[in-house]
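Undergrad: Curious how this folds, go ahead:
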Amino acid sequence: FPTRLSTRSSYRGMSEIEISEKVRAADPSPSPRTKRVTFDRNLEDEDLVVHVKDTDLGAGLKTCWKNSRAPAAVLMCAAIMVVALPAAFQHGAPARQNTSSGVGLLVVGDWGRMGSDHQKTCANAMAATAAELREELLGPRAADSTACDDPTSGSFVGVISTGDNFYDDGVTPADFQTHLQGSFSNVYSHPALRHLPWASVMGNHDYHGHTDVQIGVEMRESAGSTECGPRWDAMRNGYREYGGGAGGDAAGSPVVGVCFVDTSPWVWSYRNATEKYRFDGLIGDDPGRASETWRDWEDDQIKSLEQCLLKSRASWKIVVGHHGIVSYSEKHGSQPELIRVRLALERLGAIAYLNGHDHNLQHVVPTKTANTPGAKAVAVRYITTGAGSKLRDDVDLANAPPKGDGSLYFQTGTIPGFVAVRASHAKIVFEHRGGDRGEVLYSDAVVAR
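TA: Predicted coordinates:
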């Protein structure tokens, strides 16, 4: 495994249970074992791919969505079921050697609540997934080590935050230690998590406080370090790349490149609420200010994002910000001020934009681009991952402006969770995960052309 089942064959339109029966019949075994089976459809060739992996989750979770846009309503599922595997995959089989570079990223948003409002539940799910990714990408000994990368293959495992890191009002010089300890160090303390580096962007609640403190040296040093650098790496905007190196299978080029954008200052209503949002130092004619006017600031931000995407040599380019560009939530939803950000990332080859702000999980693939000249053929995924603590079940198909702009493939506002990104130079997979053990709720795979 994985094995490929063409939707043009007799598997077309079958349920996941029926498919599992065919898999069992194709290779019978006297002792079926519990496996996690995930189905995903390659959007390029309309094939259904079945992945089977050992799990101790047991039978129970069975979630399935139909892709109504595909011929014959091809199933896109994530399920737990009993499947008999070939002997080569039973206990005692040789461990797979990791010879190519892979990246595993846990992307979470809207989380910092001193462990309350489902934050610890989400942290437990992240820990279970981190353990899985570390063993898969860094080798079986990773569970007993402090490793976050593999120098031989160039593989890497880490965490990305989409913002709203510390509720309700960010941090100040006087209280950042309390927030760092109560919302970060004490919550993400599982051995599988505490050695992973975090790259974090600012959210609107972070701008209630001192963002300079979050991105400053003192807070970074207070959070400690990992083998891959600081554990806490916060920024307003910037670029980080993951995977690759001497052992990589694309001449050492990065597997994933992430451009971080600072979306809060784009929101017009925030600019006028000076008593609430601290945008000190972003604009003005005083010496040391970056831009003289908000228009200058926007131009500078777009130029920076364009350069980030153009210069990245990564196989997969992702953009991360706090506010949604395409979102179906009623509370916040799509942020119209970010249209220039959308035009840039669609034109310059980003595969996904990940955000928080809405307290749920959403997976949207637009039915069209935003009339972007030169837009890439592969549609950008707009992924909301803001379910790191407090939840809001407010997704409505009528809430995505402009109407008909996207196709909502998955959403949940009742399960705390995050998005796991698995990537190699050949393929990238976005998995919405949640529950107590990080079960796969939805999976979307894109194969490199």
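Undergrad: residue ranges for the helices of the stretch 101-250 of the chain, please.
TA: With DSSP state H, counting those that start in this stretch as the criterion, the stretch 101-250 of the chain has helices at 119-138, 176-179, 211-214, 217-222.
Undergrad: could you dump those to JSON lines with mean pLDDT and distance to Gly112?
TA: Any C-beta I mention is one placed from the backbone N, CA and C, and that applies to glycine too. What follows is the helices of the stretch 101-250 of the chain, written out as JSON lines (pLDDT from 0 to 100; distance: least, C-beta to C-beta, whole Å):
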{"stretch": "helix 119-138", "mean pLDDT": "96", "distance to Gly112": "8"}
{"stretch": "helix 176-179", "mean pLDDT": "98", "distance to Gly112": "7"}
{"stretch": "helix 211-214", "mean pLDDT": "97", "distance to Gly112": "10"}
{"stretch": "helix 217-222", "mean pLDDT": "97", "distance to Gly112": "13"}
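Undergrad: Which of these sits closest to Gly102?
TA: Among the helices of the stretch 101-250 of the chain, helix 119-138 comes nearest to Gly102, with 4.7 Å by C-beta to C-beta.
Undergrad: and that closest one, how far from the chain's centre?
TA: Between the mean C-alpha location of helix 119-138 and the chain-wide mean there is a distance of 13 Å, by C-alpha atoms, centre = their mean, to the nearest Å.
Undergrad: so how far is Ser315 from the nearest residue to Asp206 once chain neighbours are set aside?
TA: The shortest distance from Asp206 to any non-neighbouring residue, by C-beta to C-beta, 6 or more residues apart in numbering, is to Gly170 (4.3 Å). From Gly170 across to Ser315, the span is 35 Å (C-beta to C-beta, to the nearest Å).
Undergrad: Go through stretch 176-194 and flag the buried ones.
TA: Residues of stretch 176-194 classed as buried: Phe176, His179, Leu180, Gly182, Ser183, Phe184, Ser185, Val187, Tyr188, Ala192, Leu193 (neighbour count, 16 or more other C-beta atoms under 10 Å).
Undergrad: Endpoints of that stretch, how far apart?
TA: End-to-end distance for stretch 176-194: 19 Å, by C-alpha to C-alpha, to the nearest Å.
Undergrad: Give me the contact list for that stretch.
TA: Applying C-beta atoms under 8 Å, 6 or more residues apart in numbering, the external contacts of stretch 176-194 come out as 111-115, 119-120, 123-124, 126-128, 130-131, 134, 143, 159, 165-167, 171, 213-214, 218-219, 222-224, 231-232.
Undergrad: Next: stretch 117-131.
TA: Residues from elsewhere that reach stretch 117-131 (C-beta under 8 Å, 6+ apart): 104, 106, 108, 111-113, 143, 157, 159, 183, 187-188, 190, 192-193, 196, 387-391, 416-418, 420, 433-439.
Undergrad: Now which of these would you call buried?
TA: Buried among these by 16+ other C-beta under 10 Å: 104, 106, 108, 111-113, 157, 159, 183, 187-188, 192-193, 196, 387-391, 416-418, 420, 433-435, 437-439.
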